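Colleague: dropping a prediction and its sequence here:
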Amino acid sequence: MAKRMQPAWEAPNNTSEVKLELFNSLTRKKEVFVPQNGKQVTWYNCGPTVYDASHMGHARTYLSFDILRRVLSDYFGYDVFFVMNITDIDDKIIKRARQNHLYKQYLAEKHTLDKVLEDCNIVLQHFAEVVKATTDPDKKNMQERLFEKLKSAVNNIEAAIKAGDEKDIAAKKEALLIDAKDLLSDWLDTKLGSSVTENKIFSELPRFWEEEYHKDMEALNVQPADCLTRVSEYVPEIVDYIQKIISREFAYESNGSVYFDVSKFDSSPCHHYAKLVPEAFGDSKALAEGEGDLSAAPSEKRFDNDFALWKKSKPGEPSWPSPWGLGRPGWHIECSAMASVILGESMDIHSGGYDLKFPHHDNELAQSEAYYDNDAWTRYFLHSGHLTIAGCKMSKSLKNFITIQEVLQKHTARQLRLAFLLHSWKDTLDYSDNTMELAKNYEKTVNEFFLIAKHFMRTTPGTGVEAFSKWSKDELEMNEKLEKAKEAIHAALCDNIDTRTVLEAIRELVSQSNVYIEKVRSSGAVNRQLIKNVAAYITKIFDVFGMISKEELIGFPSGGSGSADLETLVMPYLNSLADFRDNVRKSAREIKAGDILSECDKLRDDVLPNLGVRLEDKENEATVIKLVDRAELMKEREEKKALEEKKRLEKEAKKAEAAAKAAALEAQKKIPPGELFKGETDKYSKFDDKGMPTHNVEGEELPKAQLKKLQKIFQAQEKKYNDYMKSQSNEQ
């Protein structure tokens, strides 16, 4: 007999595989994401220019890319190496550092009031010409606000001088110096900026604001970069980078500065300038903004489109040695050199804000590809969308920005992240009260589900025989909904990391879970493991999105099984308290002890909410215990009290209305029928012997139909009056 063999095996055919696609600014469409080296992903993100407080525009960029970075690493399993720069050498920084230094120096000189007023009036005259020459409407609007602010402060102190109140004059002088800061420091810089020579002045400002930036990112739960580069620490590497570009004949020296030769690069067969925004080629306004306020005269350049790689330092500017003399790096070369030092000749992802596309990122691509003589320095370019404030443009340079710290005083970091997750990362996001209200409502919906899921996990067996029961049709259907949600969420994350669709799918899953719970809870048949699976999956996605802040563990946790969270620590005590309260309430009801029941209610409504604990009493079920943010519970309590007060006032109003109505009826009874109509002289002019109206106010006889109605009223009043008189006689 032949030896039996195993039958042939055929691998299943996966027809539903979905690949990750990202919107690539280099092609302006979604492209399948293919890293250059297996699962390793190299990523460079343009960091902040640190000369002022971080604002919502920064949050838009860094929160968005934090979410994408987490999804790539924690959901798709890529090994992401994330590099970010800090721009601490820049025209804006130099100018702001000089202005701050000169303003502090001006205050320290303690000028007389006459001198301060004289200078402020000169500033007003100078700035009036600046405003007049400005053509950009947003910038002009900002300048006019500053101008009016200073003008008003000058008028205020002049009025105080006329009044002769020395105390008021001193206060108005102090206010004037504060209100004049922006324009006065700018004027001082035009006069004395070239005298500021100490390099320390130019390093202290960015160091301070970088520290504040890191604090803001930590508050937003944004992961720090794996590698952070500062321009000031890479100047030698930048100089070497520029020299190589010159050696390839794509850059030239002019009067101590070095410029990139755009036309030479663009005419090269293997290169292309303005890959990201080709239609912006030759945009002189954008190019000028990219060069900075302190740039040299355009006459140094061979062509208008050329841009600075190295700037010769003028008096009042920090400087570093180079083959072309003392100077400093241009803005665009900084990122090219630093990213290349860390990531080499080609990176997988480069990211930044939408407004950096041209000229900054297009210039970066040109410089780097000139340096490496390649055409693929960046494989995927990602740009986060703009952020508007209630529909209006926001800009640090226009001084109409909202800082991250200001926002975090009104909303939590999780709520802000939720607001971003509810919108596409690449589209414009409008920050408004309505946007944040939507985020708060979403947070409340899912949090209530988490709390009820935890309740069933606490109150039903988790292990052993009692923990498992036969699945009914309800469990099978609920599990199928969970699996469909997972499929939809995976498809959405593959589709350019569409977090909005993900959150909508989660909202629907929560709704379906709540329907399942309400359907089966009365019979005590809520399947603990199924609800735990749903809650755990949603928690996993939220964790991927960075919505759950937690400490990163290194090595084995101490204490054996790891450190428990607050809920795990306090819940046994709260369970004991809730059980004790349930027993007390049950006994109090049996003996009708109202005072004891009131104390139980006081514990639930007043004491525990102040500790961040919500108790929910259920008929024929153990009390539901929920750990909730104390502020939210305090708000709920105040709203409940306000509602109770409103109901009390409505009840009192109805009671008073009923009393007034009863009093009116009582007063009505006392009126003799013959006097009932005689007071209505605006309706009737003549009456008969009984007091019945016969003619209207115009002297015309009343129609028979009207007389019939009045007769009925008269007879009814006659009966009321007779009853009243009879009751009075009986009382006597």
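Modeller: That came through fine.
Colleague: what ranges does the stretch 151-300 of the chain have for its strands?
Modeller: Secondary structure of the stretch 151-300 of the chain by DSSP state E, counting those that start in this stretch: the strands cover 227-230, 251-254, 257-260.
Colleague: buried residues, the first one. List them.
Modeller: Going back to what we said before, that points to strand 227-230. Buried residues in strand 227-230, counted by 16 or more other CB atoms under 10 Å: 228-230. In this view, the C-beta of every residue, glycine as well, is placed from N, C-alpha and C.
Colleague: tell me which of those residues is nearest to E636?
Modeller: E636 lies nearest to L228 out of those, by CB to CB, at 42.6 Å.
Colleague: what sits against the closest residue to that closest one other than its chain neighbours?
Modeller: Closest residue in space to L228, ignoring its immediate chain neighbours: M84 at 5.7 Å, by CB to CB, 6 or more residues apart in numbering. Residues in contact with M84 (CB atoms under 8 Å, 6 or more residues apart in numbering) are 44-47, 225, 227-229.
Colleague: again, only using 6 Å
Modeller: 45, 47, 225, 228 (CB atoms under 6 Å, 6 or more residues apart in numbering).
Colleague: so which of the residues you listed wins on neighbours?
Modeller: Most neighbours among those, by other CB atoms under 10 Å: G47, with 25 neighbours.
Colleague: quick check, that residue in contact with V83.
Modeller: No: the pair G47 and V83 fails to qualify as a contact (CB atoms under 6 Å) at a distance of 9.4 Å.
Colleague: secondary structure class for M84?
Modeller: strand (DSSP: H, G, I helix; E, B strand; the rest coil).
Colleague: check M634 too.
Modeller: Under three-state DSSP, M634 comes out as helix.
Colleague: ok, it - contacts?
Modeller: Residues in contact with M634 (CB under 6 Å, 6+ apart): none are found.
Colleague: how close does it sit to I671?
Modeller: Shown here: M634 relative to I671, a distance of 55 Å by CB to CB, to the nearest Å.
Colleague: how about A163?
Modeller: Distance from A163 to I671, by CB to CB: 68 Å.
Colleague: okay, now P329: neighbour count?
Modeller: Number of residues near P329 (other CB under 10 Å) recorded here: 29.
Colleague: G612 too?
Modeller: G612, neighbours per other CB under 10 Å, totals 17.
Colleague: chain neighbours aside, what residue packs nearest to it?
Modeller: That would be R630: by CB to CB, 6+ apart, it lies 4.2 Å from G612.
Colleague: pLDDT score for the one you found?
Modeller: For R630, the pLDDT comes out at 81.
Colleague: so it makes contact with V613?
Modeller: No: between R630 and V613 there is no contact under CB under 6 Å: 8.9 Å.
Colleague: more neighbours: these two, which one.
Modeller: V613 (20 against 13).
Colleague: now do the same for the spatially most central residue of the chain: its pLDDT.
Modeller: Geometric centre of the chain, nearest residue: L416, 3.2 Å, by CA atoms, centre = their mean. Per-residue pLDDT puts L416 at 98.
Colleague: who's in contact with it?
Modeller: Counting by CB under 6 Å, 6+ apart, L416 makes contact with nothing.
Colleague: what's the helix or strand for it?
Modeller: Using DSSP states H and E, L416 sits in helix 413-421.
Colleague: restricting to C-alpha, output that helix in CSV.
Modeller: Provided in CSV are the C-alpha atoms of helix 413-421 (Å, rounded to 0.1, in the frame of the first residue of the first chain):
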residue,chain,number,x,y,z
ALA,A,413,-4.5,69.5,25.6
ARG,A,414,-6.7,66.5,24.9
GLN,A,415,-9.6,68.8,23.7
LEU,A,416,-7.3,70.7,21.5
ARG,A,417,-5.8,67.5,20.0
LEU,A,418,-9.4,66.2,19.4
ALA,A,419,-10.2,69.4,17.6
PHE,A,420,-7.3,68.8,15.2
LEU,A,421,-8.2,65.1,14.9
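Colleague: check the offset of it from the chain's centre.
Modeller: 5 Å (CA atoms, centre = their mean, to the nearest Å).
Colleague: how many neighbours does the closest residue in space to L176 that isn't next to it in sequence have?
Modeller: Leaving aside its chain neighbours, L176 sits nearest to A153 (4.5 Å; criterion: CB to CB, 6+ apart). Here the number of neighbours of A153 (other CB under 10 Å) works out to 19.
Colleague: pLDDT value on A153, please?
Modeller: Per-residue pLDDT puts A153 at 94.
Colleague: quickly note the distance from it to F65.
Modeller: 41 Å.
Colleague: check E599 too.
Modeller: Going from E599 to F65 by CB to CB gives 53 Å.
Colleague: more neighbours, these two?
Modeller: Using other CB under 10 Å as the criterion, E599 and F65 rank with F65 on top: 25 against 16.
Colleague: verify the contact between that one and S351 for me.
Modeller: Yes: judged on CB under 6 Å, F65 makes contact with S351 at a distance of 5.2 Å.
Colleague: okay, and the common contacts of those two?
Modeller: N45.
Colleague: that older thread, so the residue nearest to L228 bridges to which residues?
Modeller: N45, L228 (DSSP bridges).
Colleague: now it: how far from A280?
Modeller: 25 Å.
Colleague: check K396 and give its pLDDT.
Modeller: Reading off the model, K396 has pLDDT 59.
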